[in-house]
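Asker: build me a model:
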Amino acid sequence: MSTRIAFLKGHGTENDFVIVPDPENVIALPPAAVAALCDRRAGIGGDGLLHVVRSAAHPEAKDMAAEAEWFMDYRNGDGSVAEMCGNGVRVFARYLQHAGLVPEGDISVATRAGVKSAHIAKDGDVTVGMGRARLPEGEVTVSVGERSWPARNVNMGNPHAVAFVEDLAHAGDLSSPPPFSPASAYPDGVNVEFVVDRGPGHVALRVHERGSGETRSCGTGACAVAVAAARRDGADPVVTGTPATYTVDVPGGRLVITERPDGEIEMTGPAVIVATGEIDPEWLESSAR
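Answerer: Residues are numbered from 1 along each chain as shown. Model prediction:
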């Protein structure tokens, strides 16, 4: 690589991302390079990386190009590929608006979990249509030390195990994946949320994100928690015809999640671009080896 590579840094409720604009999909980003970029001491630092590519230029998104011009090629902080990242979609949308590629208002973003709709508001918040939750059958248990809890299996395009606990401190050190059983429930690993109640329609969480460790926020996790809380509380908007809204506090801020009567889930929260810069191509190339 002979030219320097642009990057930006952004966050949504302190779930932070390295953003690499690459419309024509020409920048090589193998897992080692992504992990190096996301390294908080030796790289730029981030929970994940948002690779910004035109859908028509990416083999995984070509079929979505007619619906969404831009594809969020999302990577976890360890370099692994992920299906979806809710906070990432908000920051991705904010980047597109920041770069003058889309106006405020409604846009569509292609992801590995399908096309997601987003609305960029004047006040800085971004609302993302997160699709419908799937609730796989079967009992799941998560553990921390000698404690174990039943967990709700919720899939938001990526897998989640939601456990309601008495104290968020009981989640312990979430830098490593909490054990779960049965292993067959999540053959590719899982995001684990530990949740406490703060009041009616108001919960708080801590989360271990698969491939990233404990993060300050997880958008799909907040949606999974809201759905699990609604079912625990006897609410199913598809059955009742009444929307269910939960305020979800995450370590990095607050998200508002609404499950509509048609089953679609909307997430609203802030998305901020904090810096721009350039990546040294020689460093990136050496990091990929």
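
Asker: show me the strands in the stretch 1-150 of the chain, by range?
Answerer: Per DSSP state E, counting those that start in this stretch, the stretch 1-150 of the chain carries strands over the ranges 5-12, 15-21, 48-54, 70-76, 105-111, 114-120, 125-132, 140-144, 147-155.

Asker: whichever helix or strand comes after the longest one packs against which elements?
Answerer: Translated: strand 147-155. Counting by DSSP states H and E, the next helix or strand C-terminal to strand 147-155 is strand 159-164. With contacts taken as 3 or more CB pairs under 8 Å, 6 or more residues apart in numbering; DSSP states H and E, strand 159-164 sits against strand 140-144, strand 147-155, strand 191-199, helix 219-232. Quick note: C-beta positions are derived from backbone N, CA and C, even for glycine.

Asker: again, only this time at 10 Å
Answerer: Applying 3 or more CB pairs under 10 Å, 6 or more residues apart in numbering; DSSP states H and E, we find strand 159-164 packed against strand 140-144, strand 147-155, strand 191-199, strand 202-209, helix 219-232.

Asker: can the strands of the stretch 1-150 of the chain go into TSV with extra columns for distance to Gly199, mean pLDDT and mean neighbour count?
Answerer: Converted to TSV, the strands of the stretch 1-150 of the chain look like this (distance: least, CB to CB, whole Å; pLDDT from 0 to 100; neighbours: other CB atoms under 10 Å):
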stretch	distance to Gly199	mean pLDDT	mean neighbour count
strand 5-12	24	97	22
strand 15-21	24	97	25
strand 48-54	31	98	22
strand 70-76	33	97	25
strand 105-111	32	97	20
strand 114-120	27	96	19
strand 125-132	22	95	21
strand 140-144	24	97	18
strand 147-155	20	98	19
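
Asker: which regions of this structure sit below the pLDDT cut-off?
Answerer: Residues of the chain that meet the criterion pLDDT under 70 lie in 1-2.

Asker: domains in the protein, by residue range?
Answerer: Here the domain parsing of the chain from automatic domain parsing is 5-124+272-287, 140-267.

Asker: so which of the ones you listed comes closest to Arg132?
Answerer: Smallest distance to Arg132 across these (CB to CB): 4.4 Å, for domain 140-267.

Asker: straight-line length of that closest one, end to end?
Answerer: End-to-end span of domain 140-267 (CA to CA, to the nearest Å): 26 Å.

Asker: among the helices and strands packed on strand 159-164, which comes closest to Gly86?
Answerer: Between those, helix 219-232 lies closest to Gly86; by CB to CB that is 2.1 Å.

Asker: show me what counts as buried in the next helix or strand after that closest one.
Answerer: Counting by DSSP H and E, the element after helix 219-232 in chain order, helix or strand, is helix 237-240. Neighbour-count burial for helix 237-240 flags Pro237 (criterion: 16 or more other CB atoms under 10 Å).

Asker: okay, helix 237-240 in CSV with CA atoms only?
Answerer: In CSV, the C-alpha atoms belonging to helix 237-240 read as follows (Å, rounded to 0.1, in the frame of the first residue of the first chain):
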residue,chain,number,x,y,z
PRO,A,237,-47.0,-7.0,21.4
VAL,A,238,-47.7,-9.4,18.6
VAL,A,239,-50.4,-10.9,20.8
THR,A,240,-51.7,-7.9,22.6
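
Asker: which residues touch that helix?
Answerer: With contacts defined as CB atoms under 10 Å, 6 or more residues apart in numbering, helix 237-240 is touched by 132, 227, 230, 234, 243-245, 258-265.
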